[in-house]
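Asks: Whatever this is, show me its structure:
(one chain, ligands or ions: 1)
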Amino acid sequence: MIAVVTGASSGLGEATARRLARGVGGTPVQLVLVARREQRLQALAEEIARVGDARASVLALDLTADDAPARVRELLEREHGGRLDLLVNNAGAAWKATFSEGGWENVRRTMELNFDAQVRLTEALLPLLRSSAPSSIVNISSTSGRVARAGSGAYSASKFALAGWSDALALEERPHGVHVGLVLPGFVSTEGFPQRQLVGHPFARLVVGKPEWVAEAVLDTGLRGKPERYTPRPYALAAALRVLAPPLVRRALGWRAKPRA
Ligand SMILES: NC(=O)c1ccc[n+]([C@@H]2O[C@H](COP(=O)([O-])OP(=O)(O)OC[C@H]3O[C@@H](n4cnc5c(N)ncnc54)[C@H](OP(=O)(O)O)[C@@H]3O)[C@@H](O)[C@H]2O)c1
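Replies: Coordinates of the predicted model:
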């Protein structure tokens, strides 16, 4: 099985690559690890080669660069004869700012990485996924792709967009044998999202998930046919409440009715 994992140099992508490297149903996995930090990817590829049957190639690039999708495709054609069984669109980042602070520029750069880069890479690799079918795409959105919070508007916009696009793509690609799954993590402590306030609190830390749980959710959606997975699972309640009781959710997130003059 050939799998591409973007954002494999840390956090959820690294955990997903490690999990895939342990093999899936006895089938050894050959990974393509993508991110900017080459040394981190190399170290992970060496670790993977040491501990099991899996192999990993490394591709250090910025996914927002114009030529990034073509470079991933070229590597797959060169090293794997154009085969691709699983694409995990995981790379992403958040730059916290209210709209009045960050403005359009913050929305633009967040969309460029968290949405446009995923769409561009998928466009380049879809012919390979179709010709390798049955195959899968897993897009890593976020619970913030269902429930928005103050200071995270740009991030939420990108993750809402990714979730909506994934739902449509899943319906479009089903006849072609390409399954599209969506993973919506809640708070998980990683390098890019350390969740310091939550992790430092004796009770709040209980709501923080582990990268390994997200990796298992990637397997559920990518290889076991699930359409979507929240992780930790109870975060699905927040998404359901957002649809069923918007005023309640707004109040819980700090909204106050404006006092009448
Ligand atoms: N942790 C959470 O609480 C949480 C919750 C919901 C959703 N998510 C989502 O999960 C995904 C992974 O996040 P994480 O928590 O694992 O964060 P992380 O530890 O910061 O990992 C982000 C990964 O994306 C890569 N990346 C960032 N910019 C890139 C670029 N321009 N080109 C190529 N690769 C790039 C990073 O590698 P380089 O720096 O080496 O390029 C890194 O490997 C993101 O999409 C994030 O939005 C995270």
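
Asks: Check the gap between the residue of the stretch 151-261 of the chain found nearest the ligand and residue 149 for me.
Replies: Residue nearest to the ligand within the stretch 151-261 of the chain (CB to the nearest ligand atom): residue 192, separated by 1.9 Å. (Glycine included, C-beta is placed from N, CA and C.) Look at residue 192 and residue 149: by CB to CB, to the nearest Å, they are 17 Å apart.

Asks: ditto for residue 9
Replies: Relative to residue 149, residue 9 is positioned 27 Å away (CB to CB).

Asks: neighbour count winner among these two?
Replies: Using other CB atoms under 10 Å, the more surrounded residue of residue 9 and residue 149 is residue 9, with 25 against 13.

Asks: mind listing the helices for the stretch 1-150 of the chain?
Replies: For the stretch 1-150 of the chain, applying DSSP state H, counting those that start in this stretch gives helices covering 11-21, 38-51, 68-80, 99-111, 117-131.

Asks: among those, which is the most enclosed?
Replies: Among the helices of the stretch 1-150 of the chain, helix 11-21 has the highest mean neighbour count (mean count of other CB atoms under 10 Å), at a mean of 26.

Asks: outside of that helix, which residues touch it?
Replies: Applying CB atoms under 8 Å, 6 or more residues apart in numbering, the contact partners of helix 11-21 are 3, 5-8, 29, 31, 33, 35, 40, 44, 47-48, 51-52, 54, 56, 86, 88, 90-91, 140, 185, 188, 190-193, 211-212, 214-216, 218-219.

Asks: Identify the residues contacting residue 44.
Replies: 8, 9, 14, 17, 18, 33, 56.

Asks: whoops, residue 72 was the one
Replies: 4, 32, 34, 59, 61, 121, 124, 125.

Asks: Enumerate every residue touching residue 173.
Replies: Applying CB under 8 Å, 6+ apart, we find residue 173 in contact with 126, 129, 130, 137, 179, 180.

Asks: Check the gap between it and residue 179 for me.
Replies: According to CB to CB, residue 173 and residue 179 sit 8 Å apart.

Asks: what sits in contact with each of these two?
Replies: residue 137.

Asks: can you give me the strands for the protein?
Replies: Using DSSP state E, the strands of the chain run over 2-6, 30-35, 55-60, 86-89, 135-140, 178-185, 228-231.

Asks: Any chance of CSV for these, columns mean neighbour count and mean pLDDT?
Replies: Shown next, in CSV, are those (neighbours: other CB atoms under 10 Å; pLDDT from 0 to 100):
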stretch, mean neighbour count, mean pLDDT
strand 2-6, 27, 98
strand 30-35, 25, 98
strand 55-60, 19, 97
strand 86-89, 28, 98
strand 135-140, 27, 98
strand 178-185, 25, 98
strand 228-231, 23, 97
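
Asks: Reformat those as CSV; add distance to residue 244.
Replies: What follows is the strands of the chain, written out as CSV (distance: least, CB to CB, whole Å):
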stretch, distance to residue 244
strand 2-6, 34
strand 30-35, 38
strand 55-60, 43
strand 86-89, 29
strand 135-140, 25
strand 178-185, 17
strand 228-231, 16
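
Asks: Can you add distance to the ligand and give those strands back as a markdown table?
Replies: Formatted as a markdown table, the strands of the chain follow (distance: least, CB to the nearest ligand atom, whole Å):
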| stretch | distance to the ligand |
| --- | --- |
| strand 2-6 | 6 |
| strand 30-35 | 3 |
| strand 55-60 | 8 |
| strand 86-89 | 8 |
| strand 135-140 | 5 |
| strand 178-185 | 4 |
| strand 228-231 | 9 |
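
Asks: right, and those strands - which one's nearest residue 200?
Replies: strand 178-185 (19.7 Å; CB to CB).

Asks: what pairs with the closest one, and is each one parallel or antiparallel?
Replies: According to DSSP bridges, strand 178-185 has the following sheet partners: strand 135-140 (parallel), strand 228-231 (parallel).

Asks: contacting residues around the closest residue to residue 121 other than its chain neighbours?
Replies: What sits nearest to residue 121 in space, not counting adjacent residues and going by CB to CB, 6 or more residues apart in numbering, is residue 69, at 4.8 Å. By CB under 8 Å, 6+ apart, residue 69 lies in contact with 120, 121, 123, 124, 125.
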